[in-house]
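> Sharing a model prediction with you, sequence too.
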Amino acid sequence: MTAVILRAPAGVMPGPITGPVSGLSYTLGDDRLLDVAHVADAVALFGAGWIAPYGRTPEVLAQMTPGRVDVLALPQVRSMSGVLNVGAIGHSFVANAVHANGWANNGYLSWIRRYCGGRINLPASNVFAGGGLKQHDIIATHLPAALAAGLDVCIVDTLRNSIGHDTTANLIAGLAEILDGLTARGTFCIVHPVAAASGGYILSGDNLLQACALERFAASYCRSNPKASFANINLLIADFASGLALGGMLSDDLHPSVIGARLIGYADAQIINQFAAPIDDRHTLPGDLYDAGKNPHGNLLVNGLLAGTGGVEQGGPTGETPTNWLVQGGSSTTLAMSKVAVAGRTNLSSTRMTLGGTGDNVQQMLYQQIDDGKYDAGDVLRAEVEAEWTITAGSLAEISLTMLAMDSSFGVIRTWVDGVNTGAGYLPAGASGPLCFRTEDFAVPAGTAYLIYRLHAVAAAGALAATVDWSRASLRKV
């Protein structure tokens, strides 16, 4: 029987290991896990730099009874009650998710945030990555900060830039160092393989063999460690006849497109949502309004539930606009507003934009101006909304939540955005499923006279038939 399982430190390769105290012969497998049957050996190896399961001290190891698996030696899961603290470590696939005004749509982290909604906290400060970095650079420059961040979950995507630039043994050791460090702190790791590519980034020869060896190690590691999951994104984006990325999955020959990022993000979010608590702090009751003394974190929006039909249509839209809201559209895209019941909720409706006619890249927007008596410069706010769309003909160039800080002349001081924007490719026919747009927490800039909360839909050129549903909008002080 096994007393304890230890993981080999970086630099120790698979093969025979002699127990330093007992002299027993052990075998270190390809997953770099060692079954140690003698507690004294486990204590000695721990002192020599081997990694004990999830922070076990030599004192705890010494108390274990030889000849059995001690419950203390089994992997322990970080307490994951409440909102999960999520991050990611890697190269440009990770770094590209963040831009100056928010979250980019061709970054899969953006879609993890959207499909997990209020269950997770994934701020830009939890993105430990840089474009062009190789794995040894990531370990040197970003791993210490990731280890110190107290993450519940971490996406690990570190291999692509290192293929062909280091030995397989070194890359395996480096990936193990990252995973060992994170899991030892109770962080659940979601590990990505080297993603399928095209053009000049196609892997062949020894580079392809190396990528396959690394993928096998990552899968083996995750099979043996309940604190890690191997998310084989190539099942979603690769053509198995050629090994290349499917058409439409990449924005260039290497990085995900909006479609590819959404598929990858959705898959990762499904893993996270299996153990994430059902936290939901968006607008839930009609009376949940901001009051400085009585409800300081209440909704700064009036009618965040988008109820009623007393709103105002400007420039051509027709139908039922929610009370206290304005809708603006026009040009050759037709816009009809209506109410749609939210499944499983009593008397809760979404506001539906039905878009038709001919797309012309003109914004169709539902918006509200926020009373400046509710906030001051320096207040930190967060905007959220639930969204879902179905495109049956044509394509949409933008679906987004946008916050604007404006001066007294209605000049834009600063913009914060989460959603699908025109700069990263159009959305084709299909359905999104329910998701949440949420801005980064932002401080109200000095000189702000008006805050405007806007929900956008923009049709790409051509014939169009699509619906966009919005529900439970909120703007709150953090």
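Looks like it came in fine. Nothing here was measured: the structure is a model prediction, and the numbers come from that model.
> after the lowest-mean-pLDDT helix or strand in the chain, next one along is what?
Least confident helix or strand, the chain: helix 58-62 with a mean of 46, by mean pLDDT, DSSP states H and E. Remark: after helix 58-62, the chain's next helix or strand is strand 84-90, criterion DSSP states H and E.
> which helices and strands sit right next to that following strand?
helix 108-116, strand 120-121, strand 127-129, helix 143-148, strand 153-157 (3 or more CB pairs under 8 Å, 6 or more residues apart in numbering; DSSP states H and E). Just so you know, the C-beta spots here come from the backbone N, C-alpha and C atoms, and that holds for glycine as well.
> Can you redo those as CSV, where the extra columns are distance to I202 and mean pLDDT?
Below are these laid out as CSV (distance: least, CB to CB, whole Å; pLDDT from 0 to 100):
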stretch, distance to I202, mean pLDDT
helix 108-116, 21, 92
strand 120-121, 34, 90
strand 127-129, 23, 95
helix 143-148, 29, 94
strand 153-157, 19, 96
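> start to end distance for stretch 121-141?
End-to-end span of stretch 121-141 (CA to CA, to the nearest Å): 23 Å.
> and what of stretch 191-210?
Terminal-residue distance, stretch 191-210 (CA to CA): 17 Å.
> List the buried residues for that stretch?
191-198, 201-203, 210 (16 or more other CB atoms under 10 Å).
> Stretch 98-108 too?
98-99, 101-108.
> same check, this time on stretch 150-158
Buried residues in stretch 150-158, defined by neighbour count with 16+ other CB under 10 Å: 151-158.
> which among those residues gets closest to V412?
I155 (33.1 Å; CB to CB).
> Which stretches in the stretch 101-250 of the chain count as helices?
Along the stretch 101-250 of the chain, counting by DSSP state H, counting those that start in this stretch, helices occupy 108-116, 135-141, 143-148, 168-184, 205-224, 234-237.
> what's the third one in contact with?
Right, helix 143-148. Helix 143-148 has contacts (CB atoms under 8 Å, 6 or more residues apart in numbering) with 87, 89, 128, 154, 177-178, 181-182, 185.
> Nearest to T448 among those?
Closest approach to T448 among these (CB to CB): G87, at 30.4 Å.
> Skipping adjacent residues, who's closest to the closest one in space?
N126 (3.4 Å; CB to CB, 6 or more residues apart in numbering).
> residue contacts, that neighbour?
Per CB under 8 Å, 6+ apart, neighbours of N126: 85-88, 149, 151.
> try it again with 7 Å
Shown in contact with N126 (CB atoms under 7 Å, 6 or more residues apart in numbering): 86-87, 149, 151.
> how about those in a markdown table, adding pLDDT?
Listed next are these as a markdown table, based on pLDDT from 0 to 100:
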| residue | pLDDT |
| --- | --- |
| V86 | 96 |
| G87 | 97 |
| A149 | 92 |
| L151 | 93 |
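> ok, of these, which one's closest to V94?
The closest of these, once distances to V94 are taken by CB to CB, is G87, at 9.4 Å.
> partners of the closest one in the sheet?
C154 (DSSP bridges).
> ok, how many other residues are close to it?
Using other CB atoms under 10 Å, the number of residues around G87 comes to 26.
> Could you check how far N161 is from V412?
37 Å (CB to CB, to the nearest Å).
> Going by how many neighbours each has, rank those two and give me the top one.
N161 (20 against 10).
> quick one: contacts for the more buried one?
Contacts of N161 (CB under 7 Å, 6+ apart): 91, 132-134.
> repeat that for 8 Å
By CB under 8 Å, 6+ apart, the contact set of N161 is 91, 132-135.
> coming back round to it: tell me the most buried of the helices of the stretch 101-250 of the chain?
helix 108-116 (a mean of 27; mean count of other CB atoms under 10 Å).
> Figure out how far that one is from the centre of its chain.
4 Å (CA atoms, centre = their mean, to the nearest Å).
> Please name every helix or strand in contact with that helix.
With contacts taken as 3+ CB pairs under 8 Å, 6+ apart, helix 108-116 sits against strand 84-90, strand 102-103, helix 258-273, strand 412-420, strand 435-438.
> Looking at those, which is nearest to A449?
Nearest to A449 among the helices and strands packed on helix 108-116 is strand 412-420; the distance by CB to CB comes to 9.0 Å.
> by contact count, what packs against the closest one?
strand 102-103, helix 108-116, strand 380-393, strand 396-406, strand 435-438.
> could you redo these as JSON lines and give each row distance to L285?
As requested, the helices and strands packed on strand 412-420 are arranged in JSON lines below (distance: least, CB to CB, whole Å):
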{"stretch": "strand 102-103", "distance to L285": "28"}
{"stretch": "helix 108-116", "distance to L285": "23"}
{"stretch": "strand 380-393", "distance to L285": "15"}
{"stretch": "strand 396-406", "distance to L285": "21"}
{"stretch": "strand 435-438", "distance to L285": "18"}
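> Of all those, which one comes closest to P428?
Here strand 380-393 is closest among these (CB to CB), at 6.8 Å.
> Neighbouring strands of that closest one in the sheet, and parallel or not?
According to DSSP bridges, strand 380-393 has these partners: strand 430-431 (antiparallel), strand 435-438 (antiparallel), strand 442-443 (antiparallel), strand 465-477 (antiparallel).
> Only alpha carbons, please: show that strand as CSV.
Extracted in CSV, the C-alpha atoms of strand 380-393 (Å, rounded to 0.1, in the frame of the first residue of the first chain):
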residue,chain,number,x,y,z
VAL,A,380,-15.8,52.6,-8.3
LEU,A,381,-18.7,51.1,-10.4
ARG,A,382,-19.5,47.9,-12.2
ALA,A,383,-22.0,47.5,-15.0
GLU,A,384,-23.7,44.2,-15.9
VAL,A,385,-26.5,42.8,-18.1
GLU,A,386,-27.7,39.4,-19.2
ALA,A,387,-27.8,38.9,-23.0
GLU,A,388,-28.7,36.2,-25.5
TRP,A,389,-29.0,36.3,-29.2
THR,A,390,-30.2,34.2,-32.2
ILE,A,391,-29.1,35.0,-35.7
THR,A,392,-31.1,33.3,-38.4
ALA,A,393,-29.9,35.3,-41.5
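> the inter-axis angle of it versus strand 396-406?
160 degrees (axes from the mean of the first three to the mean of the last three CA atoms, to 10 degrees).
> Renumber starting at 491 from here on
Happy to do that; since the first residue is 491 now, the last one works out to strand 870-883.
> Rank the buried residues of stretch 588-598 by pLDDT and give me only the lowest.
Least confident by pLDDT among the buried residues of stretch 588-598: that is N591, with 70.
> Quick check: closest non-adjacent residue to T811.
Ranked by CB to CB, 6+ apart and with sequence neighbours excluded, the top spatial neighbour of T811 is G801, at 3.1 Å.
> And for M503?
Excluding its sequence neighbours, the residue lying closest to M503 (CB to CB, 6+ apart) is A659, at 6.2 Å.
> re earlier: just name the closest of the buried residues of stretch 681-700 to L535, please.
V681 (25.0 Å).
> I'd guessed that closest one sits against A708; true?
Yes. Between V681 and A708 a contact is recorded at 4.8 Å, counting by CB atoms under 8 Å.
> which helices and strands does the helix or strand that contains L535 pack with?
Per DSSP H and E: L535 is located in helix 529-537. In this structure, helix 529-537 makes packing contacts with strand 494-497, strand 523-526, helix 548-552, judged by 3+ CB pairs under 8 Å, 6+ apart.
> Show me which residues of the second one are buried.
In this case it means strand 523-526. 523-524, 526.
> can you put these in a markdown table and add distance to N814 and pLDDT?
Output for these, formatted as a markdown table (distance: CB to CB, whole Å; pLDDT from 0 to 100):
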| residue | distance to N814 | pLDDT |
| --- | --- | --- |
| L523 | 59 | 75 |
| L524 | 64 | 81 |
| V526 | 66 | 80 |
